[in-house]
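Novice: could you work out the structure for the sequence below:
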Amino acid sequence: MFDYETLKLVWWVLIGVLLIGFALTDGFDMGAMALMPFVGKTDNERRVAINTIAPHWDGNQVWFITAGGALFAAWPMVYAVAFSGLYWAMLLVLFALFCRPVGFDYRSKLENQKWRNAWDWALFTGGAVPALLFGVAFGNLFLGLPFRLDELMRSSYEGSFFGLLHPFALLAGVVSLSMLSMHGGAWLMLRTDADLHARSRVATRLCALVYLTAFAGAGAWLVASIPGLTLADGINTGGAINPLSKQVAVGNAGWLANYSHYPLTVIAPVLGFAGALLALLGAQLNRAGVAFLGSSLAIVGTICTAGFALFPFVFPSSLDAASSLTVWDAVSSQKTLGILLIVACIFVPLILGYTLWCYTRMWGRLTNKTIEANPHGLY
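Specialist: Take a look at the predicted model:
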């Protein structure tokens, strides 16, 4: 079995993998529905867009549920502070996600245009709002969350929901929304044809340009004016650590330190930009596969960029730097992490395997004729 320090690092990587898996799969679901009211001009076109993801969206959300469960089991202090302090933001995400299952199931039950339009905008909400708020959450990690720990490790959160809407956090939300919408547009290019396919190309190009601008702007803002945290040397990374026992320095170079210490990490932001440019090129040349590959690479690069910059911090505090939770001191015991690793080695490949199997079984382009031939058998 791995030593404690290695297990901590392994679980940092695994949670990152789960977040990337969620963004790659459920990301194009949310992105496609965020675009659906705009690229689908007729009822049949909107039904085509819905049916490209309807067979898969609930399976894709397994990645989200698994990531939440892994966070609870591997990083219990992060889970406790995040889910109590960010309660209203979490509820907003949850209620937005509620729009998806009822929207898919009830949207086409009645042949009434007002009824269907209302559910179309509900599906838009279920795609766009979580995509935006996930980015806002990541933006707030760089700003620090207003919480502190007392001597008994009890957390007190001193912020509000509206306090999370800092301009930098909103810009990070634009990065997330445009990135996932670009991914959703590339997915619609892959699975549709005719006018819907053409409008999805335009949307993919537009979202790629917005993402490139917002991602570059967020990086420049981070470099210019947002102080980061740096963990002091000498910490026993292989031991059980009291979060309040560490020394944390605050400085403008904090979030950039890892890129100078570990030059290979620069690959992550480069991959984000290169992926978006590839998606833009693929959409311009009408190569759906290239566009989808590019948007996928952009997602991987963006999440890794945030992870590498924050490491080893996973939940920084803006009130008390020493209360910030890190990879080293917010984790479960060595035995718990070891057992969880065995469980992950069994079930993560199973999730990946059945996900790929489902897509191979249900692959193919959907057209208006498909909808007309199955007026009641499809969503």
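
Novice: now do the SS call for Trp229.
Specialist: One thing to correct before we go on: residue 229 is Leu, not Trp. strand (DSSP: H, G, I helix; E, B strand; the rest coil).

Novice: and it, how many neighbours?
Specialist: Counted with other C-beta atoms under 10 Å, the neighbours of Leu229 add up to 23. Every residue, glycine included, has its C-beta placed from N, CA and C.

Novice: tell me the contacts of the nearest residue to it once chain neighbours are set aside?
Specialist: Excluding the flanking residues, the one nearest Leu229 by C-beta to C-beta, 6 or more residues apart in numbering is Gly254, at 4.8 Å. Each residue near Gly254 by C-beta atoms under 8 Å, 6 or more residues apart in numbering is listed here: 227-230.

Novice: one more: Phe147?
Specialist: Contacts of Phe147 (C-beta under 8 Å, 6+ apart): 81, 85, 155-159, 317, 319, 323.

Novice: any idea how far the residue lying closest to Trp119 once chain neighbours are set aside lies from Asn117?
Specialist: What sits nearest to Trp119 in space, not counting adjacent residues and going by C-beta to C-beta, 6+ apart, is Arg107, at 3.8 Å. As judged by C-beta to C-beta, to the nearest Å, Arg107 and Asn117 stand 10 Å apart.

Novice: one more: Ala131?
Specialist: Separation of Ala131 from Asn117 (C-beta to C-beta) stands at 21 Å.

Novice: then Met77?
Specialist: From Met77 to Asn117 the distance is 45 Å (C-beta to C-beta).

Novice: check Lys8 too.
Specialist: Distance, Lys8 to Asn117, by C-beta to C-beta: 50 Å.

Novice: show me what counts as buried in the helix ranked longest in the chain.
Specialist: Criterion DSSP state H: the longest helix present in the chain is helix 4-39. Neighbour-count burial for helix 4-39, with 16 or more other C-beta atoms under 10 Å as criterion, is recorded at 4, 7-8, 10-12, 14-37, 39.

Novice: same question for stretch 349-356.
Specialist: 351, 355.

Novice: re the thing from before, farthest-apart pair in the contacts of Phe147, please.
Specialist: Gly159 and Ser323 (13.5 Å; C-beta to C-beta).

Novice: more crowded one of those two?
Specialist: Neighbours per residue (other C-beta under 10 Å) separate Gly159 from Ser323, with Ser323 holding more: 24 against 15.

Novice: isn't that one right up against Pro243?
Specialist: Yes. Using C-beta atoms under 8 Å, Ser323 is in contact with Pro243, at 6.5 Å.

Novice: mutual contacts of those two, please.
Specialist: Leu149.

Novice: and the furthest pair within the contacts of Gly254?
Specialist: Pro227 and Thr230 (9.9 Å).

Novice: helices of the stretch 201-350 of the chain, start to end?
Specialist: Residue ranges of the helices in the stretch 201-350 of the chain, as given by DSSP state H, counting those that start in this stretch, are 257-261, 267-284, 288-310, 334-361.

Novice: repeat for the stretch 51-200 of the chain
Specialist: Counting by DSSP H, counting those that start in this stretch, the helices of the stretch 51-200 of the chain are 57-60, 62-74, 76-85, 87-106, 113-143, 167-191, 194-225.

Novice: do you know which of these lies nearest Ala330?
Specialist: Once the helices of the stretch 51-200 of the chain are compared by C-beta to C-beta, helix 76-85 is nearest, at 4.3 Å.

Novice: helices and strands around that closest one, which ones?
Specialist: Counting contacts by 3 or more C-beta pairs under 8 Å, 6 or more residues apart in numbering; DSSP states H and E, helix 76-85 is packed against helix 62-74, strand 155-157, strand 313-315, strand 325-326.

Novice: touching the second one from outside, list them.
Specialist: If you take C-beta under 8 Å, 6+ apart as the criterion, strand 155-157 is touched by 77, 80-81, 84-85, 145-150, 323.

Novice: which among the residues you listed gets closest to Gly163?
Specialist: Pro146 (6.9 Å).

Novice: could I get the phi/psi values of that closest one?
Specialist: Main-chain dihedrals, Pro146, degrees, to the nearest 10: phi -80, psi 70.

Novice: pretty sure it contacts Leu164?
Specialist: No. Contact criterion C-beta under 8 Å: Pro146 and Leu164 do not qualify, at 9.5 Å.

Novice: out of the two, which sits in the busier spot?
Specialist: More crowded of Pro146 and Leu164, by other C-beta under 10 Å: Leu164, with 22 against 18.

Novice: now that one: closest residue in space, sequence neighbours ignored.
Specialist: Asn140 (5.5 Å).

Novice: among the helices of the stretch 51-200 of the chain, which is the most enclosed?
Specialist: helix 167-191 (a mean of 26; mean count of other C-beta atoms under 10 Å).

Novice: low-confidence stretches in the stretch 101-250 of the chain?
Specialist: Counting by pLDDT under 70, the ranges of the stretch 101-250 of the chain that qualify are 233-234, 238-240.

Novice: what's the nearest residue to Leu341 if we skip its chain neighbours?
Specialist: Counting by C-beta to C-beta, 6+ apart, Leu341 lies nearest to Val10, which is 6.3 Å off, once chain neighbours are set aside.

Novice: state the distance from that neighbour to Leu337.
Specialist: Counting by C-beta to C-beta, the gap from Val10 to Leu337 is 8 Å.
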